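Engineer: coords please:
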Amino acid sequence: MKKLINGIVEFRRTARPEVRKTFAKLALGQTPDALFVGCSDSRVVPNLFASTDPGDLFVMRNVGNLIPPAGGPHGLSVGDLSEAAALEYSVLHLNVRNIIICGHSECGAMKALVASSVPEGMPNLEKWLEAGKPAVERLRQGRSPDPTLTEHNQLSQINVLVQMEHVLTYPAVREAVNAGRLGIFGWYFDIGHADVYAYEPDEEHFVLLDETEGQRLLARMRQ
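Structural biologist: Here you go, the predicted structure:
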């Protein structure tokens, strides 16, 4: 907490004029390009590894970067409504053009799912992680994009793909994708190497997001 408070004081003391102008402009509204769904893990910092500025990303973070699917005729979430609300708001009100689901290495949620064990006294966490169980089933079936990874890191990648499918169960998202207004992408952040990998559907594999892969992704988005 001391570091946090001192950091705020330092920001107020040293903030450049252009930074203050940026926030003054953002106070009038936001037009983010993407909804970024990431894990609550303190080591996952999208604004750092994606070099984004304030206002670029609408960020949803939770334990395990999970999105319970929608069910029923009205498209209501079968789990927590917070994720569903963020999806609807970003797609229907903010008109984001992209949704990024980003998992990461050494994820505690994935380790708990692999071990089928949640620390005692955490019933809410245990219930929440049910949204990750379909990914565990695929892992057990040997459906991993990269079998060379440790089991929990394989699960983290599989989980990204499952949550991408869950996102499409929401009518607003599905309609925007079908109309060509919205793209859905899967990323994996390797904490130890500070590298981001993007899922390539044609290759059924996560590919290092370097300059070449970046150009390939941008070309696909233009199409």
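Engineer: what's the next secondary structure element after the lengthiest helix in the chain?
Structural biologist: Ranked by residue count, the top helix of the chain under DSSP state H comes out as helix 151-167. The first helix or strand that comes after helix 151-167 along the chain, using DSSP states H and E, is helix 171-178.
Engineer: just say helix, strand or coil for the spatially most central residue of the chain.
Structural biologist: Residue closest to the average C-alpha location in the chain (Cα atoms, centre = their mean): residue 37, at 2.4 Å. When classified by DSSP: H, G, I helix; E, B strand; the rest coil, residue 37 comes out as strand.
Engineer: circling back: buried sites along the longest helix of the chain?
Structural biologist: Within helix 151-167, the residues that count as buried by 16 or more other Cβ atoms under 10 Å are 152-164, 166-167. (Glycine included, C-beta is placed from N, CA and C.)
Engineer: give me the residues contacting that helix.
Structural biologist: 37, 64-69, 87, 99, 101-107, 110-111, 113-114, 131-132, 134-136, 138-139, 143-147, 149, 173, 184, 186-188, 199, 206 (Cβ atoms under 8 Å, 6 or more residues apart in numbering).
Engineer: if we can go back for a sec, residues contacting the residue nearest to the centre of the chain?
Structural biologist: 60-61, 65, 67, 83, 99-102, 163, 167.
Engineer: neighbour-wise, which of those residues leads?
Structural biologist: residue 65 (30 neighbours; other Cβ atoms under 10 Å).
Engineer: need phi/psi at that residue.
Structural biologist: phi 40, psi 60 (degrees, to the nearest 10).
Engineer: check the one 10 residues further on too.
Structural biologist: Phi and psi for residue 75, reported as degrees, to the nearest 10, are phi 70, psi 30.
Engineer: ok, the one 3 residues further on next?
Structural biologist: Its backbone dihedrals place residue 78 at phi -90, psi 0, with angles given as degrees, to the nearest 10.
Engineer: grab the nearest non-local neighbour of it.
Structural biologist: residue 71 (4.5 Å; Cβ to Cβ, 6 or more residues apart in numbering).
Engineer: any weak-confidence spans in this structure?
Structural biologist: The chain contains residues with pLDDT under 70 at 72-73.
Engineer: need the helices for it, in chain order.
Structural biologist: Using DSSP H, helices in the chain cover 2-14, 17-26, 46-49, 81-88, 108-115, 123-128, 133-140, 151-167, 171-178, 211-222.
Engineer: out of the ones you listed, the one nearest residue 33 is which?
Structural biologist: For residue 33, the closest of those is helix 211-222, at 10.5 Å, according to Cβ to Cβ.
Engineer: so for the closest one, what gets flagged as buried?
Structural biologist: Buried positions in helix 211-222, judged by neighbour count with 16+ other Cβ under 10 Å: residue 217.
Engineer: next one: stretch 179-193
Structural biologist: Quick answer for stretch 179-193 (16+ other Cβ under 10 Å): 182-190.
Engineer: how about stretch 91-106?
Structural biologist: Buried-residue list, stretch 91-106, by 16+ other Cβ under 10 Å: 91, 94, 96, 98-105.
Engineer: and it, end to end?
Structural biologist: With Cα to Cα, to the nearest Å applied, stretch 91-106 spans 30 Å between its terminal residues.
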